[in-house]
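**Q** Quick check, what structure comes out for this input:
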Amino acid sequence: MSISPGTMTVGILAIVAGLVGAYAVRTALLDEPVAEAAAPVAIVIPLAAIDLPAGRTLSLGDIGLVEMTDDEIGHRDLPMTLVMIDPEQIIGRTLEQPIKRGEPFLTTSMYLEGTRPDVSKKLKPGFRAFTIEIPRVLIGGIASGSMVDVIFRTDARESEGDTLAIPEATMALIQDIEVLEVEQPRATGRTGALNIASINNAASQQRHPVITLAVTLDQVNILRTVEGRGELSLVARAASEVATATENTKTITLESLLGLQAKPNRNFVTQIYRRGALETNTFRGDFRESRPAVPTSDRSVTAPVSTGGVTYAADNRVDSEN
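**A** Numbers count the residues shown, from 1 in each chain. Below you'll find the model as predicted:
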């Protein structure tokens with residue numbers, strides 16, 4: 001059987017096409033997949049969440065965390081040798097230079113650790129800088145520059161000996177005072193990453209915020225007098241409001257708020273002279289304390305006796321018996 005030239009040509013073409021297809025399949029199977037372009041690496045940069053003035057002590061709420069690539073950093077021309085990356089190194093530091101919203105925190109914008117701005121430059125003539133520690137819950141959101149009233153709550157104390165009894169009471173101690181500075185306690189123990197829980201826990205275990213007030217010398221004496229004898233708190237007032245003598249500054253007690261009548265002080269002392277001897281009886285409510293009679297030649301009337309915060313004239317009697 002003879003094969004025509006046309007049929008042979010078609011067969012050869014079919015074989016060649018099959019070989020080309022097989023080669024293409026083999027090449028596709030053996031070729032390694034083309035690697036996708038790697039995504040640009042981003043790092044977290046702390047930026048100012050709001051406009052921050054000079055002298056501000058930074059807190060967590062002042063910081064916004066933004067991821068930025070190398071291209072974005074280069075586009076903003078950030079001086080990375082000065083940019084502070086760890087938020088824990090920023091919180092609690094004080095700004096020497098103001099920072100606009102969206103700008104990074106630079107080491108050159110901060111006071112060195114352990115140094116503070118000179119508060120004496122903020123004082124008006126006749127005022128002094130007075131520093132106290134107040135629990136965070138008793139200062140609220142008060143910041144530097146705020147005008148405040150200082151509220152004092154006494155620690156109740158019983159009368160002992162010659163000391164007067166002090167009831168638990170609350171009063172506006174000083175009014176219309178400027179806050180020069182608020183120093184928040186810094187968290188200790190760097191973790192290398194922002195850990196809000198650890199920051200809050202560490203701050204709660206440290207000392208209270210330190211408040212610097214601008215007060216007169218007389219007000220310094222008042223604050224020193226009540227120091228350690230009760231609880232001080234600050235309440236903000238309008239900066240435009242000026243304190244007047246008509247403001248309510250009376251002392252408030254729980255009994256007065258509830259309309260209760262306080263028990264009268266029934267403490268009193270009697271001194272009885274009998275046959276040249278002095279007998280002293282002290283009455284505290286239903287309790288009587290007697291001192292043995294002491295021989296004395298002084299039969300004159302003694303001075304009034306002060307007990308329990310109330311002064312009573314002594315009941316001095318001379319026995320008529322001879």
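
**Q** Surely Ser130 touches Leu213?
**A** Actually, residue 130 is Phe rather than Ser. Yes - counting by Cβ atoms under 8 Å, Phe130 touches Leu213, with 5.0 Å between them. C-beta here means a position set from N, CA and C on the backbone, and glycine is covered the same way.

**Q** what's near enough to touch Val179?
**A** For Val179, the contact set (Cβ atoms under 8 Å, 6 or more residues apart in numbering) comprises 142-148, 211-214, 234.

**Q** the strands in the stretch 51-200 of the chain, which residues?
**A** For the stretch 51-200 of the chain, the strands defined by DSSP state E, counting those that start in this stretch cover 63-69, 128-133, 147-154, 169-183.

**Q** Check which helices and strands the first one is in contact with.
**A** Looking back up the chat, that one is strand 63-69. strand 42-48 (3 or more Cβ pairs under 8 Å, 6 or more residues apart in numbering; DSSP states H and E).

**Q** List the contacts of the strand it packs on.
**A** So strand 42-48 is in contact with 62-69, 73, 78, 83-85, 87, 90, 99-105, going by Cβ under 8 Å, 6+ apart.

**Q** what about 7 Å?
**A** With contacts defined as Cβ atoms under 7 Å, 6 or more residues apart in numbering, strand 42-48 is touched by 62-69, 83-85, 87, 90, 99-105.

**Q** from the residues you listed, which would you call buried?
**A** 62-63, 68, 84, 87, 90, 99, 104-105 (16 or more other Cβ atoms under 10 Å).

**Q** What score does Leu234 have for pLDDT?
**A** Listed pLDDT for Leu234 reads 91.

**Q** Counting neighbours, what do you get for it?
**A** Leu234 is flanked by 21 other residues according to other Cβ atoms under 10 Å.

**Q** Go ahead and list the helix or strand containing it.
**A** Assigned by DSSP states H and E, Leu234 belongs to strand 230-237.

**Q** what packs against that strand?
**A** strand 147-154 (3 or more Cβ pairs under 7 Å, 6 or more residues apart in numbering; DSSP states H and E).

**Q** Remind me what the strand it packs on packs against, helices and strands.
**A** Counting by 3+ Cβ pairs under 7 Å, 6+ apart, strand 147-154 packs on strand 169-183, strand 230-237.

**Q** What pairs with the first one, parallel or antiparallel?
**A** Taking DSSP bridges as the criterion, strand 169-183 forms sheet pairs with strand 147-154 (antiparallel), strand 210-215 (antiparallel), strand 252-253 (antiparallel).

**Q** still on that earlier bit, pick the most buried one from the helices and strands packed on strand 147-154.
**A** Most buried of these by mean neighbour count (mean count of other Cβ atoms under 10 Å) is strand 169-183; its value is a mean of 19.

**Q** Kindly calculate the angle that it makes with strand 230-237.
**A** 70 degrees (axes from the mean of the first three to the mean of the last three Cα atoms, to 10 degrees).

**Q** Report the two of the buried ones among the contacts of strand 42-48 separated the most.
**A** Farthest-apart pair in these is Asp62 and Met68; separation 18.6 Å (Cβ to Cβ).
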